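S.K.: I would like the atomic coordinates for the input below:
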Amino acid sequence: MRKVANLATELMLASLFFWCTLTIFNMATDTLIIKVEPFDPDLEKWESYEERTIQFFLANDVTEDKKKVAVLLSSMGPKGYGLLKSLTTPTKPSTLTFPDICKRLHDYYNPKPPVLLERFRFYNQIQGPSEKIAEYLAELRRLSSTCNFGGFLNEALRDKFVCGLFDTAIQKKLLSEDDSLTLDKAVKTPMSMESANKNAAITKGETHSVQRVSPTSSSLNASKLQCSCCGKNGHIKKDCCMKSFKCFNCGRIGHLQNVCRDKPATEQSNVQEKTSKYKFSYRKNRKSSKVKQVREVDGAECNTDSDESDSGNEITVYYVNSLGSDKAFKVDVEIENQKCQWKSILGQAYRLSRTRRMLNR
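M.R.: Now for the predicted structure:
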């Protein structure tokens with residue numbers, strides 16, 4: 001009998017524990033599982049707060065309008081409630097319906113702008129040079145939300161999307177399509193091109209980095225090259241500015257006297273030491289085939305023959321230095337069929353400058 005009594009007691013205790021647990025669970029389900037934050041107009045637009053409040057009602061199974069109003073008024077904060085109270089005076093906010101409260105707050109925080117002005121902003125929007133296609137489309141959708149396009153929204157977005165593209169090549173391609181072109185198809189083409197260009201830029205950058213690893217040997221040994229035309233280092237004959245001059249020794253075109261092969265090396269060195277030095281600055285003309293030369297006339301006269309350039313300056317003689325004479329002497333120089341005479345100064349290089357004033361004397 002004692003065992004039966006103990007068993008009955010255990011059953012009663014288990015039943016009591018079950019009913020207590022069920023009651024607590026029911027009470028917990030009747031309470032709100034989440035909480036709505038107070039509304040702050042500086043951080044959030046009213047439309048966003050209204051949407052979050054509606055989702056709160058769905059999550060907590062709040063369907064009664066009076067309960068919706070009570071939750072909204074108790075959670076919107078003192079600042080928002082004070083504003084609502086001033087908008088509904090003399091009517092109390094608690095006597096209004098939930099849609100009515102939302103409409104009044106929406107009209108206050110977001111007054112309806114003129115449709116013409118909003119469409120003006122929409123149609124003047126264009127894609128920036130560095131703006132992505134997705135960003136451009138998102139901005140168009142944002143601007144179209146206040147344009148009241150109605151059923152014409154997708155066509156308006158398609159038209160403005162194509163007309164405002166930054167890439168004119170893609171724009172022309174889309175403009176060649178027929179009327180069956182939809183917004184989705186219009187967006188797909190430039191997005192594919194954008195992705196392809198991005199991948200090509202990445203591949204091109206990797207190729208350049210490989211090319212820069214191994215410089216060519218010609219650039220490293222350029223300073224060691226010797227020109228067969230003038231005898232100087234750092235370039236070859238095809239790049240030499242003296243390749244169209246005539247040699248004083250053999251009379252052939254393409255090299256100077258100091259590198260002429262018609263004389264022995266010993267005689268060349270003696271001639272190079274005793275010969276007068278001429279320094280030239282001239283305007284290079286690749287198209288001209290006329291020979292440019294400097295030659296001695298009667299031991300003292302220098303003559304230049306050159307093509308005429310746009311500025312009138314083709315060859316300028318800077319100085320003539322005579323190393324073998326220690327006496328003053330006069331030099332007759334003919335430049336462009338104009339004869340001039342200069343007197344040397346002992347111990348100094350005599351500087352010559354071709355100017356229009358001297359030629360017109």
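S.K.: what about the strands in the protein?
M.R.: Shown for the chain, the strands assigned by DSSP state E span residues 277-282, 293-297, 301-305, 315-321, 330-335, 338-343, 350-351.
S.K.: gap between Met76 and Asp100?
M.R.: 15 Å (Cβ to Cβ, to the nearest Å). Glycine gets a C-beta too; all of them are placed from N, C-alpha and C.
S.K.: these two: who's more crowded?
M.R.: Met76 (23 against 14; other Cβ atoms under 10 Å).
S.K.: residues contacting the more buried one?
M.R.: Met76 sits next to 38-39, 84 when contact means Cβ atoms under 8 Å, 6 or more residues apart in numbering.
S.K.: for it, what are phi and psi?
M.R.: phi -80, psi -10 (degrees, to the nearest 10).
S.K.: can you pull the contacts of the nearest residue to Arg158 once chain neighbours are set aside?
M.R.: Excluding the flanking residues, the one nearest Arg158 by Cβ to Cβ, 6 or more residues apart in numbering is Leu183, at 4.3 Å. Contact partners of Leu183, counting by Cβ under 8 Å, 6+ apart, are 154-155, 157-158, 161.
S.K.: quick check, nearest of the residues you listed to Asn199?
M.R.: Phe161 (23.3 Å; Cβ to Cβ).
S.K.: isn't Leu225 right next to Gly234, touching?
M.R.: Yes - if you go by Cβ atoms under 8 Å, Leu225 and Gly234 touch, sitting 6.5 Å apart.
S.K.: looking at these two, which is more packed in?
M.R.: A direct count of neighbours by other Cβ under 10 Å for Leu225 and Gly234 places Leu225 higher, at 15 against 11.
S.K.: tell me the pLDDT at the closest residue in space to that one that isn't next to it in sequence?
M.R.: Among residues not flanking Leu225 along the chain, Ile236 sits closest, at 5.6 Å (Cβ to Cβ, 6+ apart). Per-residue confidence (pLDDT) for Ile236: 83.
S.K.: show me the shaky parts of the stretch 251-361 of the chain.
M.R.: Along the stretch 251-361 of the chain, segments meeting pLDDT under 70 span 263-329, 342-361.
S.K.: want to throw the contacts of Leu183 into JSON lines with distance to Asp167 and pLDDT?
M.R.: Putting the contacts of Leu183 into JSON lines (distance: Cβ to Cβ, whole Å; pLDDT from 0 to 100) gives the following:
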{"residue": "Asn154", "distance to Asp167": "22", "pLDDT": "93"}
{"residue": "Glu155", "distance to Asp167": "22", "pLDDT": "94"}
{"residue": "Leu157", "distance to Asp167": "18", "pLDDT": "95"}
{"residue": "Arg158", "distance to Asp167": "17", "pLDDT": "94"}
{"residue": "Phe161", "distance to Asp167": "12", "pLDDT": "94"}
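S.K.: type out the PyMOL command that picks the buried ones from those.
M.R.: In PyMOL, a selection of the buried entries from those looks like this (16 or more other Cβ atoms under 10 Å):
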select buried, resi 157+158+161
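S.K.: show me the contacts of Leu183 that map onto helices.
M.R.: 154-155, 157-158, 161 (DSSP state H).
S.K.: ok, so of those, who is nearest Lys67?
M.R.: For the ones in helices among the contacts of Leu183, the nearest to Lys67 is Asn154 (38.8 Å; Cβ to Cβ).
S.K.: pLDDT score for the nearest residue to that closest one once chain neighbours are set aside?
M.R.: Nearest residue to Asn154, sequence neighbours excluded (Cβ to Cβ, 6+ apart): Leu183, at 5.2 Å. As predicted, Leu183 sits at a pLDDT of 92.
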